[in-house]
Structures are given as structure tokens and as C-alpha cells.
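can't give you the sequence, but here's the structure:
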């Protein structure tokens with residue numbers, strides 16, 4: 001992907017398809033918590049650190065279980081993460097600008113210094129999440145669950 005600009009889009013699509021297939025969130029619930037598989041974490045890391053190039057479509061990781069993922073300092077701007085389980089994920093310094101995350105579960109995630117500007121976080125759950133120094137300009141938080149005292153404290157501290 002780094003060496004061949006012409007193959008960039010194909011590599012992104014294949015890795016995203018692999019993640020969707022291996023970490024698909026079933027309809028009507030969430031399976032028992034299991035650690036994130038190493039191969040899924042590796043694919044996420046590659047996607048999050050891909051070269052900044054024009055991409056014809058959004059990165060599509062909708063309805064996946066990425067619980068406990070290490071997404072520190074990755075670029076997921078414009079990504080489609082609707083209904084994604086990102087609970088207990090390390091999202092420090094992540095770039096989710098203009099990302100689409102309605103209904104995402106961010107319970108107990110760390111979003112310190114995360115860029116969430118212009119993101120769609122409608123109906124997302126932030127219980128116990130840390131949002132210290134996060135950028136939330138023009139972020140859609142309608143219906144989001146921000147009731148946790150630690151989450152509210154970290155937002156106020158910004």
C-alpha cells in the first residue's frame with residue numbers, strides 16, 4: 001500500500017473486508033467478551049497508519065466488534081463505524097474527524113486528545129469513557145449517553 005499508490009484502494013478494501021468478516025457484530029446482541037484477535041488488531045493498525053491519499057469511498061468497519069483495540073494515534077477520519085463495539089479501546093490521539101459512529105459503544109474507552117470534529121456520534125454510549133482534551137467541534141452528540149460522572153468531568157475539563 002505504501003509502495004504502490006495504484007493498489008492503495010484495493011488494499012484498504014481487502015483489509016476492511018477481512019475485519020468486517022472476522023469481527024462482525026451479530027444482529028440482536030453482542031457475543032461473550034473475547035480478546036481482540038491479533039490478526040484483526042494488525043489489520044486495524046495497518047489501516048489506521050495508511051498513507052494519506054485520496055480515497056473514493058469511506059473506510060467501512062460498520063457493526064464490528066473491536067473491543068479493547070489499540071487505535072492509538074491512528075487516522076480513521078471519514079470511517080464508517082456505525083454500531084461498532086469500541087468499548088475499552090485505546091483511542092488516544094485518534095483522528096476520527098468526519099467519521100460516522102452512530103450507535104457506537106465507547107464504554108470505558110480512552111479518547112484523550114482524540115479528534116472527533118464533525119463526527120456523527122448520535123446514540124453513541126460513552127459510559128466511563130475519558131474524553132480529556134478531545135476536539136468536539138461541530139460533533140453530533142444527539143442522543144449520546146454521556147451520563148457517567150467521569151465522562152462529564154473529562155469533557156468539562158477541556
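Sure thing, it's come through. Quick caveat, the model's predicted, so the values are computed rather than measured.

ok, the closest residue in space to residue 137 that isn't next to it in sequence - contacts?
Excluding the flanking residues, the one nearest residue 137 by Cβ to Cβ, 6 or more residues apart in numbering is residue 117, at 4.5 Å. Backbone N, C-alpha and C define where each C-beta goes, glycine included. If a contact means Cβ atoms under 8 Å, 6 or more residues apart in numbering, then residue 117 has 97-98, 135-139 as its contacts.

And the strands in the protein?
Read by DSSP state E, the chain holds no strands at all.

For the protein, just list every one of the helices.
8-22, 38-48, 149-156 (DSSP state H).

Distance to residue 59, mean neighbour count and mean pLDDT for those - can I get that in JSON lines?
Below are the helices of the chain laid out as JSON lines (distance: least, Cβ to Cβ, whole Å; neighbours: other Cβ atoms under 10 Å; pLDDT from 0 to 100):
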{"stretch": "helix 8-22", "distance to residue 59": "6", "mean neighbour count": "16", "mean pLDDT": "90"}
{"stretch": "helix 38-48", "distance to residue 59": "6", "mean neighbour count": "16", "mean pLDDT": "93"}
{"stretch": "helix 149-156", "distance to residue 59": "26", "mean neighbour count": "15", "mean pLDDT": "60"}
